[in-house]
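Undergrad: just coords:
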């Protein structure tokens, strides 16, 4: 009977979600666990006993690679060699944790939300996990993980939690490749949960904000500064945007004729496209930046290195140099307070301007528009409010920035 091979396709492998074994033929199976994790195995009989040889996780091993490995295993069987015994007989030296981490990030890049997300993974696994990087991945123990986590577990709780999860995933990938065996030392439930204190929950919604009445004076002071970051900060205040949205803005996102900035879903916190109507002053700032160049793929606020945006700390640094004790994110609160206390714009318009998801699923289904015309009125009113008052501005600036 002819051997039936290649039953699966790359598309099929991606779309399969049902738990169980899915045959590609010739003993090769894609196994989908109840958790949704996928891995390759080669099933064969040896001395009337069914044996299973792991070939690696679906994330790290492609369909083509799995077929090559299954073919090699079949050839060994035909030669009278047990593929599992052959695999165990030639131990390969395990790579370092750093090498595994870098490989994992490279393999997973298509699934990351954006460049910032990739940079966060690289930074945490290089800086905070530095003590692990030179250790062989099969030699990492619970004590090693605790050495990395304890110094920041209570002082940088959110970062520590993310770091632990990222280390766990790297070690899981190393196990799938055959570099490790046994329990993952970075596992939380039933393991590290018994060794580390309950971490401090991240406090949300309390970014230091400037009273909205003081914002015009801040704008006046920013315009006296030639730094690119000062322009970026003013633009961010006028659009009520998140700082990351401004840093990552490219010229292709702008329709300057219609005065609309469209932030793509992958750069939004809620993963929904967000259109921002631009007030005349915001357009003036863009016209100033256009002198540098308007290549569609270029950043509107470029950094010193070619192809890079402003540093993610640039706007905060401007505020620090001005000795203003607020955060960039806090200006969204200033905007929201102004909307509620000084205008008659409906709540949902103000929330839409902040790209907040409002209402339940049913309500959102019936409200498909983004009220761009009403939001344009709102943003133009906000920009008018933020415009420095020529008489009062100097006195206010002196009061705020002494």
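TA: The structure has been received and is ready for your questions. These figures come from a predicted structure and were not determined experimentally. Numbers count the residues shown, from 1 in each chain.

Undergrad: Against residue 62, how distant is the residue nearest in space to the middle of the chain?
TA: Taking CA atoms, centre = their mean, the centroid of the chain lies closest to residue 117, which sits 3.0 Å from it. Per CB to CB, to the nearest Å, residue 117 is found 23 Å from residue 62. To be clear about C-beta, it is placed using only N, CA and C from the backbone, and glycine gets the same treatment.

Undergrad: and if you look at residue 18?
TA: Residue 18 is 21 Å from residue 62, by CB to CB.

Undergrad: Can you pick out the residue with more neighbours from those two?
TA: Under the neighbour definition other CB atoms under 10 Å, residue 18 and residue 62 were set side by side, and residue 62 has more, 15 against 6.

Undergrad: need the contact list for the more buried one.
TA: Counting by CB atoms under 8 Å, 6 or more residues apart in numbering, residue 62 touches residue 10.

Undergrad: tell me the domain ranges of this structure?
TA: Following automatic domain parsing, one gets these domains for the chain: 10-89, 97-194, 212-401.

Undergrad: what's the one helix or strand the residue nearest to the centre of the chain maps to packed up against?
TA: Taking DSSP states H and E as the criterion, residue 117 maps to helix 115-123. Applying 3 or more CB pairs under 8 Å, 6 or more residues apart in numbering; DSSP states H and E, we find helix 115-123 packed against helix 97-108.

Undergrad: What residues of the helix it packs on count as buried?
TA: Neighbour counts over helix 97-108 (16 or more other CB atoms under 10 Å) mark 97-105, 108 as buried.

Undergrad: with these in mind, which one is nearest to residue 370?
TA: Nearest to residue 370 out of those is residue 108 (CB to CB; 32.0 Å).

Undergrad: give the contact list for the closest residue to residue 153 other than its chain neighbours.
TA: Distances taken as CB to CB, 6 or more residues apart in numbering place residue 160 nearest to residue 153, at 4.7 Å, with adjacent residues excluded. If a contact means CB under 8 Å, 6+ apart, then residue 160 has 128, 149, 152-153, 199 as its contacts.

Undergrad: Save the residues you listed as TSV, and put in neighbour count and distance to residue 28 too.
TA: Listed next are the contacts of residue 160 as TSV, based on neighbours: other CB atoms under 10 Å; distance: CB to CB, whole Å:
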residue	neighbour count	distance to residue 28
128	21	39
149	21	39
152	16	43
153	21	43
199	16	42
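
Undergrad: Output these in a markdown table, with secondary structure and pLDDT appended to each entry.
TA: A markdown table is the format used below for the contacts of residue 160 (DSSP: H, G, I helix; E, B strand; the rest coil; pLDDT from 0 to 100):
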| residue | secondary structure | pLDDT |
| --- | --- | --- |
| 128 | helix | 92 |
| 149 | helix | 94 |
| 152 | helix | 89 |
| 153 | helix | 90 |
| 199 | coil | 64 |
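
Undergrad: For stretch 233-246, what does the pLDDT average out to?
TA: Across stretch 233-246, the average pLDDT comes to 95.

Undergrad: So what would you say the end-to-end distance of it is?
TA: For stretch 233-246, the first-to-last residue distance is 9 Å (CA to CA, to the nearest Å).

Undergrad: What lies in contact with it?
TA: For stretch 233-246, contacts defined as CB under 8 Å, 6+ apart pick out 116, 215, 218-219, 222-223, 232, 261, 263, 267-269, 274, 276, 278-279, 281-282, 285-286, 301, 312, 315-316, 318-319, 328-329, 331-332, 334-336, 353-355, 379, 382-383, 386.

Undergrad: what angle sits between the longest helix seen in the chain and helix 115-123?
TA: Secondary structure of the chain per DSSP state H: the longest helix is helix 157-176. Interaxial angle, helix 157-176 versus helix 115-123 (axes from the mean of the first three to the mean of the last three CA atoms, to 10 degrees): 80 degrees.

Undergrad: Residue numbering should commence at 37 henceforth.
TA: With 37 as the first residue, the last one maps to helix 193-212.

Undergrad: Also compute the angle for helix 193-212 relative to helix 133-144, please.
TA: Here the directions of helix 193-212 and helix 133-144 differ by 90 degrees (the same axes, to 10 degrees).

Undergrad: Which residue, other than its chain neighbours, is closest to residue 129?
TA: Per CB to CB, 6+ apart, closest to residue 129 is residue 172, 7.8 Å.

Undergrad: Please, which helix or strand holds residue 298?
TA: In this assignment (DSSP H and E), residue 298 forms part of strand 296-299.

Undergrad: What helices and strands are in contact with that strand?
TA: If you count contacts as 3+ CB pairs under 8 Å, 6+ apart, strand 296-299 packs onto strand 290-291, strand 310-313.

Undergrad: one more time with 7 Å, if that's ok
TA: strand 310-313 (3 or more CB pairs under 7 Å, 6 or more residues apart in numbering; DSSP states H and E).

Undergrad: starting at the chain centroid, how far to the strand it packs on?
TA: 21 Å (CA atoms, centre = their mean, to the nearest Å).

Undergrad: following it, which helix or strand shows up next?
TA: Where DSSP H and E defines the elements, the next helix or strand beyond strand 310-313 is helix 316-326.
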